[in-house]
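*Asks:* Sequence plus the predicted model coming up.
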Amino acid sequence: MDKLAVELLTLISFYACTDGGWTGCALSLVSRRVREASRPARFFSVSLVTSPNQLEQFLDCLHEERARSPDMIPRVRHLCLSLFGDGLETAPTSSTSAPVTPSLPKTRAEFLASLHRRTQHWRSAQVGLDEQYNRTIPALFRAVAADLHALALVQVQWRSASIIRCNFPLLEELMLVGGDPSFLPLASIPADRPIYPSLKRLHHVLAWVGKDVDFQRWAVHAPNVTHLRVSRIDYHPQSTVDSFERVICDSERDEEFFPHLRRAMIEPRPAPAPSARLSAAHVAFRDFLVYLDRLAERARVPVKVLPPLEEPKVVPGANPTQRCLERVKKEWLERVVGGEGCWQEGMGGVYVP
């Protein structure tokens with residue numbers, strides 16, 4: 001290592017720093033020479049999935065490293081970001097000490113009282129999360145948006161009060177869990193200034209309820225998409241399904257949506273729980289799968305309809321959110337090193353933020 005040219009060490013560092021930040025951090029601790037040589041690659045791939053505090057610490061570190069070497073600025077190329085963290089149980093609150101876990105309630109009154117305390121704790125924790133995210137997320141994207149090549153974003157927890165004015169000129173791959181980014185509404189951006197001009201692969205993991213995704217707007221702001229995947233798609237909201245159908249089927253317009261689209265993938269929501277009798281929910285789900293198969297037949301590009309998502313098993317002590325983050329990060333890391341990730345046709349699993 002001591003005899004290798006600095007330029008060669010830097011190149012090796014880019015190949016090594018593909019694990020979300022651990023290797024970049026370790027290289028910075030080896031020696032002064034290795035730290036200087038690996039600085040441009042230190043933040044090549046970064047995973048921030050723990051808490052708002054982790055975001056603040058990363059931003060401080062990024063600004064410090066950039067200030068140390070203005071000629072060899074470290075840039076973030078691949079980012080995996082969760083705005084859920086470890087959940088509300090670990091979120092900051094106004095009290096200085098962690099809440100004490102009460103004993104199991106023995107009466108109905110004790111149960112209701114414990115439920116009230118838990119609700120109050122969740123509300124105060126949510127306020128704390130919102131305040132931190134509203135402070136750190138705009139600063140983070142202002143610092144990294146111009147350099148990103150790939151982004152995986154899990155955004156179900158943050159109630160955004162911020163609108164970030166930025167675009168992603170180099171972003172080629174985007175995975176969104178929980179709908180469109182609330183801090184970057186497509187409707188508020190002029191159509192003549194696409195936010196994602198270089199985007200090639202777009203994967204939407206839709207929210208359980210309430211969040212429409214307008215794929216026609218996405219076609220305007222990501223005009224060069226070649227691969228489109230939609231996971232956890234359901235017949236509600238209907239506007240999401242309709243807009244998805246238009247962008248993959250409508251070939252009669254003078255200017256078609258996603259003109260460079262080559263392939264699409266559809267992953268339906270989990271099937272209803274099995275029951276002895278055929279319920280209305282089972283009939284509706286069966287009809288929806290038939291609709292998706294017919295949609296694939298009518299599409300102007302090849303469409304693969306994947307098996308429905310797996311319903312997460314409820315296991316005492318298991319955190320379903322953590323399982324979702326693990327899958328998102330696994331697929332993101334695979335794409336960082338050139339693997340198939342979520343674009344592997346036979347892949348199935350669980351997305352439950």
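*Replies:* Okay, I see it.

*Asks:* make it CA atoms for all contacts and neighbour counts henceforth
*Replies:* Noted.

*Asks:* For the lengthiest helix in the chain, which helices and strands make contact with it?
*Replies:* Using DSSP state H to define each element, the chain has its longest helix at helix 108-144. Contacts defined by 3 or more Cα pairs under 8 Å, 6 or more residues apart in numbering; DSSP states H and E place helix 108-144 against helix 52-68.

*Asks:* For the helix or strand that the helix it packs on is followed by, the averaged confidence score.
*Replies:* Counting by DSSP states H and E, the next helix or strand C-terminal to helix 52-68 is strand 78-82. Mean pLDDT, strand 78-82: 95.

*Asks:* pLDDT weak spots in the stretch 201-350 of the chain?
*Replies:* Across the stretch 201-350 of the chain, the ranges flagged by pLDDT under 70 are 209-210, 251-254, 312, 314-320, 345-350.

*Asks:* okay, now residue 29: neighbour count?
*Replies:* When neighbours are defined as other Cα atoms under 10 Å, residue 29 has 10 of them.

*Asks:* Which residue, other than its chain neighbours, is closest to it?
*Replies:* residue 35 (6.7 Å; Cα to Cα, 6 or more residues apart in numbering).

*Asks:* what ranges do the strands span in the stretch 151-300 of the chain?
*Replies:* Listed in chain order, the strands of the stretch 151-300 of the chain (DSSP state E, counting those that start in this stretch) span 173-177, 201-205, 227-233, 263-268.

*Asks:* possible to save the ones you listed as CSV with distance to residue 286 and mean neighbour count?
*Replies:* Below are the strands of the stretch 151-300 of the chain laid out as CSV (distance: least, Cα to Cα, whole Å; neighbours: other Cα atoms under 10 Å):
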stretch, distance to residue 286, mean neighbour count
strand 173-177, 25, 22
strand 201-205, 21, 21
strand 227-233, 14, 21
strand 263-268, 11, 21
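
*Asks:* Name all residues that make contact with the most centrally placed residue in the chain.
*Replies:* The residue lying closest to the centre of the chain (Cα atoms, centre = their mean) is residue 153, at 2.1 Å. Shown in contact with residue 153 (Cα atoms under 8 Å, 6 or more residues apart in numbering): 80-83, 174-177.

*Asks:* biggest separation within those, which pair?
*Replies:* Among the contacts of residue 153, the pair separated by the greatest distance (Cα to Cα) is 83 and 174, at 15.7 Å.

*Asks:* List the contacts of the closest residue to residue 342 other than its chain neighbours.
*Replies:* Setting aside the residues directly before and after it, residue 342 is nearest to residue 331 in space (Cα to Cα, 6+ apart), at 5.8 Å. Residue 331 sits next to 340-342 when contact means Cα under 8 Å, 6+ apart.

*Asks:* Just the buried residues out of these, in ChimeraX syntax.
*Replies:* Those of the contacts of residue 331 that count as buried under 16 or more other Cα atoms under 10 Å are selected in ChimeraX with:
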select :341,342
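
*Asks:* thinking again about what came up before, quick check, the residue nearest to residue 342 in a helix?
*Replies:* Yes: checked against DSSP: H, G, I helix; E, B strand; the rest coil, residue 331 lies within a helix.

*Asks:* For residue 144, see how far away it is.
*Replies:* 21 Å (Cα to Cα, to the nearest Å).

*Asks:* now, among the contacts of residue 331, which is nearest to residue 20?
*Replies:* Residue 20 lies nearest to residue 341 out of these, by Cα to Cα, at 15.2 Å.

*Asks:* is it true that residue 194 touches residue 224?
*Replies:* No: using Cα atoms under 8 Å, residue 194 is not in contact with residue 224, being 10.3 Å away.

*Asks:* Give me the contacts around stretch 46-53.
*Replies:* With Cα under 8 Å, 6+ apart as the test, stretch 46-53 has contacts from 19-21, 54-55, 76, 78-86, 91, 129, 132-133, 136, 325, 329.

*Asks:* And it, end to end?
*Replies:* End-to-end distance of stretch 46-53 (Cα to Cα): 15 Å.

*Asks:* for the record, mean pLDDT for it?
*Replies:* Here stretch 46-53 scores 89 as its mean pLDDT.

*Asks:* Check stretch 135-145 too.
*Replies:* The average pLDDT for stretch 135-145 rounds to 91.

*Asks:* list the buried ones in it?
*Replies:* Taking 16+ other Cα under 10 Å as the criterion, stretch 135-145 shows 136-138, 140-141, 144-145 as buried.

*Asks:* what's in contact with it?
*Replies:* So stretch 135-145 is contacted by 52, 55-56, 59, 75-76, 162, 164, 166-169 (Cα under 8 Å, 6+ apart).
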